[in-house]
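Undergrad: Sequence first, then the predicted structure:
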Amino acid sequence: MARSSRLHQAEHRWALAFVAAPVLGYVLFTAYPVGFALYTSMTQWNGLGAMRFIGLDNYVRLFGDQYFWQSMGNTVFYMVGIPIGLALSLALAIGMNRAIPLRSMLRTVYYVPVISSLAAIAILWQWAYNGDFGLVNQFLAWFGIDGPNWLASTVWAKPAIVIMLIWKGLGYSMILYLAAIQSVPRALYEAAELDGANGWQKFRTITLPMVRPVTFFLVVTQVIAGSQIFTEINIMTPTGGPEYSTASSVFHIWRQAFRYQDMGYGTAMAIMLGILILIITLVQFRLNQRNSFVLD
Amino acid sequence: MTERSATSTASSGTTGGATHASGTAPGGTGPTPSSGAAGGTAPPAPPLGGPSSGPGPVTRRLGRRAQGRIADWITFVILGIGGIAMVAPLVWMFSTSLKTKAEVFALPPVWIPEIPQWETYVRMWENSYVLTGFQNSLVVATSVTVLGTITCSLAAFALAKMRLPGRNAIFVGLLTGIMIPFPTLMIPQFVMFSRIGWVDTLLPLIVPAIFGNVIVIFFLKQYLENVPNSIIEAAKIDGASYWQIFWRLIFPIIRPAVSAQFILWFMMVWNDYLAPILYLNTPERQTLQVVIANMNVQYATQRDYPLIMAASFVALLPILAVFLVFQRQIIESVALTGTKG
């Protein structure tokens, strides 16, 4: 007994040593910064001099900050691309599941934008959206459409970014949907066929419910990622776009904190963003639970 | 090749969380003729109906098969057109990099430059910070992924297979960390690193990451759950130390999962932009993504788009090359992370 417990103690020590790094990393780079952020958000501070404690003033200020709400609104707008992208990628996955020629090559083609660097892609699309010489307007000209100067237009700048985001993310969702579709038991479809179900009915009653976990995963992760959109905004519209119409929340936070050295206020907005993301994620999990209950 | 992997993923997909990780084993370890034979023949679309679809007049079945084939071709054409739309911008990027300035602004557009201006690539390499950017990105991505992978593998081993009081509490604690988005942490982290004088060095990009990535730990832990405890017990009885057990036994077992995660992580670090622009000010210390973003600003005013496109294209190349080589593992592990449910 004594011997075995000593053995266990040795094992405990080794196990502790093996997990020490991530635990230490968590304390140093997550827990401590969160605490520090909570305090900083209640100060007026330029990042260098003395911190002046001002209580909740930064949070009060944020409610009256027109640019904060505008950037929040823009961020929400970018998410309209999520359902469009999901519908397209599900259709693609269904197509890819057929015995079509050059299937694996096509799959690779759709996946290439996913792995490409976002900075390079943003630069490419910025040039593609050029009003006079850009690829997009040249393409539209084939159909006799005179395209706008996308990124300089308050109306078209956001949709332009959404189109680019859909293009970039399509392959990723497609792969996940494809894996989910291929795991649907064939017997379900065969049974439905015997019952005389048509293609649409099979899609609605079998495919769609069976890929629901993937849809849920994609919606949750893409909402989280979408609420942190920054790179493409910073590169394509370095000033936040015409009348700040493309600025995202993270762009606005970054600008306040690192351009205008308003660290306290930037931190308050960052905390607000973190809380909002958390709430939205929890609501999604809640809704998902309820839906699956109804479905069962 | 890719077909096989997705199918092997799919076959384990119905049985829920834990078995998913085991699904990578046959796909990831290389030559597995059995799984290849099962998945190699593309699963026909459900409406096609195989030999098992029961009795029915032969003519009707043939008719349906022909219909299916026509539908396949229509699907192929649609997906093909979509595929062209997917690569067209990238092809255009490459072709622009080889154009003269006049060709860039030519109307109607020039798709294939008359004389490819390869010297643009030479100019890009010599006149800018592309080379140092490349080196810096390589230093960051390599050190993060190599050291971070070791950290994550050890932690996953301890969390999945070793006796440790409060093991689950530790794991759940770590998981809470991933709920906090980086933008919320970026300001305090920046302040921390600026106080110890690490701003404008690569250290803030490397150091936090080598303490481990919870998502990678999670993935490897799941994978290890399927490894029987008995082989570890046997090794203990043989007198192996925990370090030996890890290095000789566990690491070889999880290698397929590790390599998949390694590649994904490498891509993520290579393509990162937000953290590098926070920390790196001096041009020769910047990573490639920041370098090309700055070139974009600087050379756009000179309308030197071929140079910008050349640099952006070069930023894509390493990852594109890795992807083309490891396509199968990458797609498979992406499919795994998403369908876990």
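TA: Arrived safely. Predicted model only: the values in this text are computed from it and were never measured. Numbering: from 1, shown residues only, chains lettered A, B, ... in the order given.

Undergrad: Go ahead and confirm residue B:93 touches residue A:124.
TA: Yes: Residue B:93 is within contact range of residue A:124, at 4.9 Å (criterion: C-beta atoms under 8 Å). To be clear about C-beta, it is placed using only N, CA and C from the backbone, and glycine gets the same treatment.

Undergrad: Now list whatever residues contact both of these two.
TA: Counting by C-beta atoms under 8 Å, 6 or more residues apart in numbering or on different chains, the contacts common to residue B:93 and residue A:124 are B:309, B:312.

Undergrad: ok, residue B:88 touching residue A:135?
TA: Yes: at 7.3 Å, residue B:88 and residue A:135 qualify as touching, with contact defined as C-beta under 8 Å.

Undergrad: Neighbour count for the two, which is higher?
TA: More crowded of residue B:88 and residue A:135, by other C-beta atoms under 10 Å in any protein chain shown: residue A:135, with 20 against 14.

Undergrad: where along the stretch 51-200 of chain A do the helices fall?
TA: For the stretch 51-200 of chain A, applying DSSP state H, counting those that start in this stretch gives helices covering A:57-63, A:66-78, A:81-96, A:103-115, A:118-128, A:135-142, A:157-182, A:186-194, A:199-202.

Undergrad: which other helices and strands contact the third one?
TA: Secondary-structure packing of helix A:81-96 (3 or more C-beta pairs under 8 Å, 6 or more residues apart in numbering or on different chains; DSSP states H and E): helix A:103-115, helix A:157-182, helix A:212-226, helix B:58-97.

Undergrad: is the longest one up against chain A anywhere?
TA: Right, helix B:58-97. Yes: residues of helix B:58-97 contacting chain A under C-beta under 8 Å from any C-beta of the partner chain: B:71-73, B:75-76, B:78-80, B:82-83, B:85-90, B:92-93, B:96.

Undergrad: which residues does residue A:80 contact?
TA: Neighbour list for residue A:80: residue A:162 [criterion: C-beta under 8 Å, 6+ apart].

Undergrad: what's it sitting at in phi/psi?
TA: phi -60, psi -20 (degrees, to the nearest 10).

Undergrad: Mind pulling up the pLDDT for it?
TA: Predicted confidence (pLDDT) for residue A:80: 95.

Undergrad: and the gap between it and residue A:86?
TA: From residue A:80 across to residue A:86, the span is 12 Å (C-beta to C-beta, to the nearest Å).

Undergrad: and residue B:303, which of the three is it?
TA: coil (DSSP: H, G, I helix; E, B strand; the rest coil).

Undergrad: Quick check: closest non-adjacent residue to it.
TA: Spatial nearest neighbour of residue B:303, chain neighbours left out: residue B:101 (6.5 Å); criterion: C-beta to C-beta, 6 or more residues apart in numbering or on different chains.

Undergrad: Might one say that that neighbour is in contact with residue B:307?
TA: No: look at residue B:101 against residue B:307 with C-beta under 8 Å: they stay out of range, at 9.6 Å.

Undergrad: what about the two, which has more around it?
TA: Legend: neighbour count by other C-beta under 10 Å for residue B:101 and residue B:307, higher for residue B:307 (24 against 14).

Undergrad: What helices and strands are in contact with the helix or strand containing residue A:235?
TA: Assigned by DSSP states H and E, residue A:235 belongs to helix A:231-236. On a contact count with 3+ C-beta pairs under 8 Å, 6+ apart, helix A:231-236 meets helix A:118-128, helix A:157-182, helix A:249-254, helix B:288-301.

Undergrad: Which residues does that helix contact?
TA: Taking C-beta under 8 Å, 6+ apart as the rule, helix A:231-236 contacts A:118-119, A:121-123, A:125-126, A:129, A:151, A:161, A:164-165, A:240-241, A:246-248, A:251, A:254, B:273-274, B:277, B:293, B:296.

Undergrad: could you measure the spatially most central residue of chain B against residue B:186, distance?
TA: Taking C-alpha atoms, centre = their mean, the centroid of chain B lies closest to residue B:264, which sits 2.7 Å from it. Per C-beta to C-beta, residue B:264 is found 22 Å from residue B:186.
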